[in-house]
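Participant: I'll drop the sequence and a predicted model, then ask my questions.
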Amino acid sequence: MRTREAAERFVRVWQRAWTEHDVEALLELYAEDCVHRSMPFRAPHRGRAELAAYLRWSFAGEQVTDVRFSAPVVGAGGVAVAEFRVLAEEDGAPATLAGCVFVRFDATGLAVETRDYWHTVEGHQEPEGALFFE
């Protein structure tokens, strides 16, 4: 599978599945031995089982109202990046999460390595400037 196709599928599935907290759909995007870094200085989640546990933990207490991903930007070596913005209620309080995900895909189109950079703020708001690079 070409990187562009894999990346477009990745953001499409993430956008829908995050809204629905559909962990199983998200796991189908990842290789069995994937490595996911949810924050730069946090220990990585290795393999689908650790990723599943992290996703379930992340979704607990979160009620999503809107998720948006940018079109992916595709680079060399099976790598792509996309921005995201999530409006949610976390433990009853409105919150906005905005960030980006870097993904490296294998030849079959599965994510073998992902790295997120993100920030949250209280309330629902849009990031300054254009939401996504276009």
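Facilitator: Yep, that arrived. This is a predicted model, so every value here is computed, not measured.
Participant: Which SSE is immediately downstream of the lengthiest helix in the chain?
Facilitator: Ranked by residue count under DSSP state H, the longest helix found in the chain is helix 3-20. Once the chain leaves helix 3-20, the next helix or strand it forms, by DSSP states H and E, is helix 23-27.
Participant: avg pLDDT for that next one?
Facilitator: Mean pLDDT, helix 23-27: 98.
Participant: just how off-centre is that helix within its chain?
Facilitator: Helix 23-27 sits 11 Å away from the centroid of its parent chain (CA atoms, centre = their mean, to the nearest Å).
Participant: List the buried residues of that helix.
Facilitator: Across helix 23-27, burial judged by 16 or more other CB atoms under 10 Å covers 23, 26, 27. To be clear about C-beta, it is placed using only N, CA and C from the backbone, and glycine gets the same treatment.
Participant: Just the closest of the residues you listed to residue 4, please.
Facilitator: For the buried residues of helix 23-27, the residue nearest residue 4 by CB to CB is residue 26; the value is 19.9 Å.
Participant: ok, so what distance separates the residue of the chain most remote from its centre from residue 38?
Facilitator: Most distant residue from the mean C-alpha position of the chain: residue 92, 22.4 Å away (CA atoms, centre = their mean). Residue 92 is 23 Å from residue 38, where distance means CB to CB, to the nearest Å.
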